[in-house]
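Enquirer: got a predicted structure plus its sequence, pasted below:
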There are 2 protein chains.
Amino acid sequence: MRQTALGIDIGGTFTKFGLSDIDGNVLMEGSIPTYTHKEIGTFLDALSAAINMNLDQIREPIDILGIGIGAPNGNYYKGTIEHAPNLHWKGIVPFIELFSAYFDLPMIMTNDANAAAIGEKVFGGAREMNDFIVITLGTGLGSGLVTRGKLIYGHDGLAGELGHTNVYPDGRECNCGKRGCLETYASASGIKRTVFKLLATNNIDTPLRSYTYESLTAKKITEMALQGDPIALEAYEYTSDILGLKLADAAAVTSPEAIFLFGGLAKAGDIIVEATKKSFNKHLYPGYKGKIEIRLSDLMDKNAAVLGASALVWSEIANSDVIRVPQQARAV
Amino acid sequence: MRQTALGIDIGGTFTKFGLSDIDGNVLMEGSIPTYTHKEIGTFLDALSAAINMNLDQIREPIDILGIGIGAPNGNYYKGTIEHAPNLHWKGIVPFIELFSAYFDLPMIMTNDANAAAIGEKVFGGAREMNDFIVITLGTGLGSGLVTRGKLIYGHDGLAGELGHTNVYPDGRECNCGKRGCLETYASASGIKRTVFKLLATNNIDTPLRSYTYESLTAKKITEMALQGDPIALEAYEYTSDILGLKLADAAAVTSPEAIFLFGGLAKAGDIIVEATKKSFNKHLYPGYKGKIEIRLSDLMDKNAAVLGASALVWSEIANSDVIRVPQQARAV
């Protein structure tokens, strides 16, 4: 009987799920919209129905060892989603407590970037590493920091908010309520802000002038940068300069072996990696020079968020002496 | 037979040592100058002679379980002192390898700030904590970061260089070769630079105008601040503003339960603690607000560096299955 883990990645727009084995083979995957469910109850109904429907399609005997859940502001210690700005469900949502009514399986939760970091360790480029950082460059900037082979969770389960370290104390307004946070510069939304700033300060001709703030996407900026558009390239350089500076700060704290870049902006490849390396090495404590690699995630083209969520099960549940629950027992 | 640990704190000027038991009772202590020994060999001769002389004075039977060594740029994994800017011995000094020729005891090394952090955990205010940070405000700024109850060493054994995170990329020249490092602002040397900057930009009358750059000490500035001198107070405020900002960054990485301030500048007490708290809370990610304490080290008035070094033995050697070597066996 094949042993598997169910991974769930809760995003602001979509929630994705997938069942994979220890080698990262995906047996099934699916998704449901997140944002249409204003209440957590209807969301969990829809999610469990979609998962069960997909599980029913699997034509081989399987064990499901557990469910790993990556969620914005997911609290590892409590299994709660706490004050996530991009989700409808406000306050503290006792996610695992509620979801346990649907599946009688061990569950483990962390934030999406931490899940990506565990994914990198179980399935990706960090397989042989015990000290590394994964940066997810999505709508915001997430970070998962691993030291001695384990994620840093901090005393409250919410450590690893590199996106909210300070670049300019009086800088850009952040969704978190502060100003000048790293993610207002180095993220999909940050690079869009930078493009608009550059359009305002330069007269350079670029097709980017035909976009509204609402219609411009980081994906478009990345495409334009890969085609050599000067404003898009300058926006990437500005983004990378700031990212490299703050990654040098993070490296001074945890002295990692490598920093992996992941997510939309990382799709610019060398454009972001090389410029970030340059700034990083410029600002790095000399004692660390030449010891820390900056590279793209090995999971770039895979469903990394779901793999990462399932990796939580492989790294934390399957290694413990948890009782392995056969598939038939899954529905309560 | 009383079980003890020998702690050694190597500083640029003096090297202190002491023998203590698990309760922090000090059975003997002593020191030798560091800076007079241009060669590591003569230093080790002098250090071991001084230790043995002091050990001979002890009139009760003791076990020495091991030797803990705190040293600037001390590498935990290798037992080496690597490129320490304030020591004569250049390059990579294989300290434990060399010192093992003098004492047949288990030895463990880390940097001085890490030793202070372990001291806080074993003997001080962090006894019940698993996630905390200790900041040592000496000539430079050292930091020991503990997560899941263990120090963060990173992949090379040299993690925890908060003193070299970036405040202003084009700011003050740092001994490390970079510009704008935190320790050029928040340290004994940093606050002196700030006083000189304030003397240049203000016309405020202060006895501080009668000091040369060479003669002014952080101790004097602290005394003046405690007496209400406006320039000294403003220097502390400037220092605390920057320190609070960068501690908020560090908190975003490790989400600690508390941050302990230790060393010369911490002797300003409330003057530095309250202003640092204010800036810290202003710049802190809202998700952490109200959860993280900033306070003085509990070991402020004790020989914390030596206690911290010996605490390494209690936390890492005595808990393992190391063979306990009686005192008589100490000299090779």
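Expert: Yes, it's here. These figures come from a predicted structure and were not determined experimentally. Numbering: from 1, shown residues only, chains lettered A, B, ... in the order given.

Enquirer: just give me the neighbour total for residue A:170.
Expert: 7 (other Cβ atoms under 10 Å in any protein chain shown). C-beta here means a position set from N, CA and C on the backbone, and glycine is covered the same way.

Enquirer: wait, what's in contact with it?
Expert: By Cβ atoms under 8 Å, 6 or more residues apart in numbering or on different chains, the contact list for residue A:170 reads A:179-180.

Enquirer: in what helix or strand does it lie?
Expert: If you go by DSSP states H and E, residue A:170 is not part of any helix or strand.

Enquirer: ok, residue A:243 next?
Expert: Element membership for residue A:243, per DSSP H and E: helix A:230-254.

Enquirer: what's in contact with whichever helix or strand comes after that helix?
Expert: Next helix or strand after helix A:230-254 toward the C-terminus (DSSP H and E): strand A:258-262. Residues from elsewhere that reach strand A:258-262, judged by Cβ under 8 Å, 6+ apart: A:116, A:120, A:124-126, A:129, A:132-137, A:247, A:250-251, A:272-273, A:276, A:280, A:292-300, A:304.

Enquirer: please apply the same query to stretch A:276-291.
Expert: Contacts for stretch A:276-291 (Cβ under 8 Å, 6+ apart): A:240-245, A:247-249, A:251-252, A:255, A:257, A:259, A:261, A:292, A:294, B:73, B:82-83, B:155-156, B:158, B:161, B:164, B:166, B:169, B:176-178, B:181.

Enquirer: list the buried ones in that stretch?
Expert: By 16 or more other Cβ atoms under 10 Å in any protein chain shown, the buried positions in stretch A:276-291 come out as A:276-277, A:279-280, A:283-285, A:287-288, A:291.

Enquirer: got the residues of the stretch 1-150 of chain A near chain B?
Expert: A:73, A:82-83, A:129-132, A:145, A:147-148, A:150 (Cβ under 8 Å from any Cβ of the partner chain).

Enquirer: which one among these gets closest to residue B:60?
Expert: Residue B:60 lies nearest to residue A:148 out of those, by Cβ to Cβ, at 38.3 Å.

Enquirer: count of neighbours near that closest one?
Expert: Residue A:148, neighbours per other Cβ under 10 Å, totals 15.

Enquirer: and the residue lying closest to it once chain neighbours are set aside, what is it in contact with?
Expert: Spatial nearest neighbour of residue A:148, excluding adjacent residues (Cβ to Cβ, 6 or more residues apart in numbering or on different chains): residue A:130 at 5.8 Å. If a contact means Cβ under 8 Å, 6+ apart, then residue A:130 has A:146-149, A:257, B:155 as its contacts.

Enquirer: just the buried members of those?
Expert: Neighbour-count burial (16+ other Cβ under 10 Å) applied to the contacts of residue A:130 gives A:146-147, A:257, B:155.

Enquirer: domain ranges for chain A?
Expert: A:2-118+A:302-329, A:128-296 (automatic domain parsing).

Enquirer: output these as a markdown table; include the columns mean pLDDT.
Expert: Shown next, in a markdown table, are the domains of chain A (pLDDT from 0 to 100):
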| stretch | mean pLDDT |
| --- | --- |
| domain A:2-118+A:302-329 | 88 |
| domain A:128-296 | 96 |
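
Enquirer: so which of those gets nearest residue B:109?
Expert: It is, among the domains of chain A and with distance given as Cβ to Cβ, domain A:128-296, at 15.7 Å.

Enquirer: centre of the chain versus the closest one, how much separation?
Expert: The chain centroid and the centroid of domain A:128-296 are separated by 13 Å, computed with Cα atoms, centre = their mean, to the nearest Å.

Enquirer: list the buried ones in stretch A:264-277?
Expert: Within stretch A:264-277, the residues that count as buried by 16+ other Cβ under 10 Å are A:264-268, A:271-273, A:275-277.

Enquirer: among the buried residues of stretch A:276-291, which pair sits farthest apart?
Expert: Maximum distance among the buried residues of stretch A:276-291 (Cβ to Cβ): 20.1 Å, for A:276 and A:287.

Enquirer: kindly write the PyMOL command that selects the buried subset of the contacts of strand A:258-262.
Expert: Applying 16+ other Cβ under 10 Å to the contacts of strand A:258-262 leaves a buried subset, and the PyMOL line that selects it is:
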select buried, chain A and resi 116+120+124+125+126+129+132+133+134+135+136+137+247+250+251+272+273+276+280+292+294+296+297+298+299+300+304
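
Enquirer: could you list which of the contacts of strand A:258-262 belong to strands?
Expert: A:132-137, A:293-296 (DSSP state E).

Enquirer: now, which of those sits nearest chain B?
Expert: residue A:132 (7.9 Å; Cβ to the nearest Cβ).

Enquirer: so what's the closest one up against?
Expert: So residue A:132 contacts A:117, A:120-121, A:126, A:146, A:256-260, B:155 (Cβ under 8 Å, 6+ apart).

Enquirer: turn these into JSON lines, columns for distance to residue A:107.
Expert: Putting the contacts of residue A:132 into JSON lines (distance: Cβ to Cβ, whole Å) gives the following:
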{"residue": "A:117", "distance to residue A:107": "19"}
{"residue": "A:120", "distance to residue A:107": "21"}
{"residue": "A:121", "distance to residue A:107": "20"}
{"residue": "A:126", "distance to residue A:107": "24"}
{"residue": "A:146", "distance to residue A:107": "21"}
{"residue": "A:256", "distance to residue A:107": "29"}
{"residue": "A:257", "distance to residue A:107": "30"}
{"residue": "A:258", "distance to residue A:107": "30"}
{"residue": "A:259", "distance to residue A:107": "29"}
{"residue": "A:260", "distance to residue A:107": "26"}
{"residue": "B:155", "distance to residue A:107": "31"}
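
Enquirer: closest one of those residues to residue A:5?
Expert: Of the contacts of residue A:132, the one sitting nearest to residue A:5 (Cβ to Cβ) turns out to be residue A:121, at 14.2 Å.

Enquirer: want to try CSV for the residues of the stretch 1-150 of chain A next to chain B, with distance to residue A:14 as columns?
Expert: Converted to CSV, these look like this (distance: Cβ to Cβ, whole Å):
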residue, distance to residue A:14
A:73, 17
A:82, 21
A:83, 21
A:129, 30
A:130, 33
A:131, 32
A:132, 27
A:145, 26
A:147, 31
A:148, 34
A:150, 29
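
Enquirer: out of these, who's nearest chain B?
Expert: When these are compared against chain B (criterion: Cβ to the nearest Cβ), the nearest one is residue A:131, at 4.0 Å.

Enquirer: element containing the residue lying closest to that closest one once chain neighbours are set aside?
Expert: In space, and not counting its chain neighbours, residue A:131 is closest to residue B:155: 4.0 Å by Cβ to Cβ, 6+ apart. Per DSSP H and E: residue B:155 is located in neither a helix nor a strand.

Enquirer: quick one, what contacts residue A:160?
Expert: Contacts of residue A:160 (Cβ under 8 Å, 6+ apart): A:111, A:113-114, A:142-145, A:151-154, B:252-253, B:255.

Enquirer: check for me that it belongs to a strand.
Expert: No - counting by DSSP: H, G, I helix; E, B strand; the rest coil, residue A:160 is not part of a strand but coil.

Enquirer: quick check: it vs residue A:154, distance?
Expert: 8 Å (Cβ to Cβ, to the nearest Å).

Enquirer: quick revisit: okay if I get the buried ones among the contacts of residue A:130 as JSON lines plus distance to residue A:92?
Expert: Compiled in JSON lines, those are given as follows (distance: Cβ to Cβ, whole Å):
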{"residue": "A:146", "distance to residue A:92": "26"}
{"residue": "A:147", "distance to residue A:92": "27"}
{"residue": "A:257", "distance to residue A:92": "35"}
{"residue": "B:155", "distance to residue A:92": "35"}
